[in-house]
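Q: attaching a predicted model along with its sequence, questions to come.
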Amino acid sequence: MSPVIPFVVAVDGPAGSGKSSVSKEVARRLGFGFLDTGAAYRALAWHAEASGIDTDDGASVASCLASFEYRIGTDPSGYAVHVGDTDVTDAIRDPLVSAVVSRVARVPEVRTHLIELFRSIMANEAKPGIVVEGRDITTVVAPDAPVRILLTAAEDVRIARRSAELVGDSAQAAGEQLHRRDQADSKVVDFMNAAEGVTTVDSTELDFDQTVDAVIDVIRAVQPALVP
Ligand SMILES: Nc1ncnc2c1ncn2[C@@H]1O[C@H](COP(=O)(O)OP(=O)(O)OP(=O)(O)O)[C@@H](O)[C@H]1O
Ligand SMILES: Nc1ccn([C@@H]2O[C@H](COP(=O)(O)O)[C@@H](O)[C@H]2O)c(=O)n1
């Protein structure tokens, strides 16, 4: 008997657009799995730093892949990220990791390796569907996904939302870093413009629940039976 292929909802967008929080909630409501692909790039950046690798040197970063034992769960209500035996779930959110992750993500060998990993995680999802979020999911990782969404919001709104999670100087620094990261990342993949067949959800004027509903509406339009 051939394996059941999960229904894939692909979500891309710039930093702070709500990809992770919105996708997680959509997955919870639909009983789907959830895959945060940025966590893998972050974990590799953490691993490179922990191994004393110069992240400016693409060949050294690529050599790190041989010792990169990565694991991530797909439960939207709580998942851990491991590199080998180390739980890096919190460590990969450190601003020091955010500051170097784009250097790791631009290395072609890294992208090839991780894209293959993401496809394997998607194919092995036990739930009926999986929401996968990142920067190149709609265009490269799962261009044939039945639902493809570009989740976006005006930059000042994204910075304000991200800064609201923080206090003082770190709030301003987070805004500057968000802008720098988008600039660096968009040289590698285009997540600012919707590719053909991709539906844009702009949350600039929407609150969190309205954004979740807007994404679910897109899914309902394609496959009504999946939405309770
Ligand atoms: N529509 C919305 N209205 C208000 N707040 C929102 C909305 N969408 C997301 N948020 C909040 O914005 C912040 C950033 O969201 P989130 O971390 O999900 O973004 P992201 O796109 O995954 O970011 P990154 O790519 O940097 O990891 C979170 O605090 C989240 O709760
Ligand atoms: N599909 C993806 C996902 C992420 N990246 C890179 O990882 C960084 C962290 O991603 P977050 O979603 O956790 O912010 C991001 O800045 C990109 O450099 C990627 O290249 N492709």
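A: Yep, it's here. Ligands and ions are numbered 1, 2, ... in the order given.

Q: rest of the way, CA atoms for contacts and neighbours
A: OK.

Q: Ala99 against Gln177, yeah?
A: Yes - taking contact to mean Cα atoms under 8 Å, the distance of 7.1 Å between Ala99 and Gln177 places them in contact.

Q: tell me the centre residue of the chain?
A: Within the chain, the residue whose C-alpha comes closest to the C-alpha centroid is Gly134; the distance, by Cα atoms, centre = their mean, is 3.0 Å.

Q: Arg181 and Gln210: what is the separation?
A: Computed as Cα to Cα, to the nearest Å, the Arg181 to Gln210 distance reads 27 Å.

Q: cool, Leu65 as well?
A: Summarising the geometry, the distance separating Leu65 from Gln210, computed by Cα to Cα, is 40 Å.

Q: ok, now Gly18?
A: Distance of Gly18 to Gln210, computed by Cα to Cα: 12 Å.

Q: looking at those two, which one has more neighbours?
A: Comparing Gly18 with Gln210 by neighbour count (other Cα atoms under 10 Å), the higher total belongs to Gly18, at 23 against 13.

Q: which SS state does Asp54 fall under?
A: Under DSSP: H, G, I helix; E, B strand; the rest coil, Asp54 falls in the coil class.

Q: how about it: what's its closest non-neighbour residue?
A: Nearest in space to Asp54, with sequence neighbours left out and distances taken as Cα to Cα, 6 or more residues apart in numbering, is Ser60 at 6.8 Å.

Q: so the one you found belongs to a helix, correct?
A: Yes - Ser60 forms part of a helix when assessed by three-state DSSP.

Q: wondering if stretch 128-142 reaches ligand 2 at all.
A: Yes - interface with ligand 2: stretch 128-142 contributes 134-137 (Cα under 6 Å from any ligand atom).

Q: paired strands for whichever strand or helix holds Ala10, with orientation please.
A: Per DSSP states H and E, Ala10 falls inside strand 7-12. Sheet neighbours of strand 7-12, with direction, are listed as strand 129-134 (parallel), strand 147-152 (parallel) (DSSP bridges).

Q: possible to save those strands as JSON lines with mean pLDDT?
A: Shown next, in JSON lines, are those (pLDDT from 0 to 100):
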{"stretch": "strand 129-134", "mean pLDDT": "98"}
{"stretch": "strand 147-152", "mean pLDDT": "98"}
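
Q: distance to Ser120 for those - can I get that in TSV?
A: As requested, the strands paired with strand 7-12 are arranged in TSV below (distance: least, Cα to Cα, whole Å):
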stretch	distance to Ser120
strand 129-134	12
strand 147-152	19
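
Q: go through these and name the closest to Val110.
A: Relative to Val110, the nearest member of the strands paired with strand 7-12 by Cα to Cα is strand 129-134, separated by 14.8 Å.

Q: give the buried residues for the closest one.
A: Burial within strand 129-134, assessed by neighbour count using 16 or more other Cα atoms under 10 Å, is assigned to 129-134.

Q: please apply the same query to stretch 54-63.
A: Taking 16+ other Cα under 10 Å as the basis for neighbour counts, the residues of stretch 54-63 that come out buried are 55, 58, 61-62.
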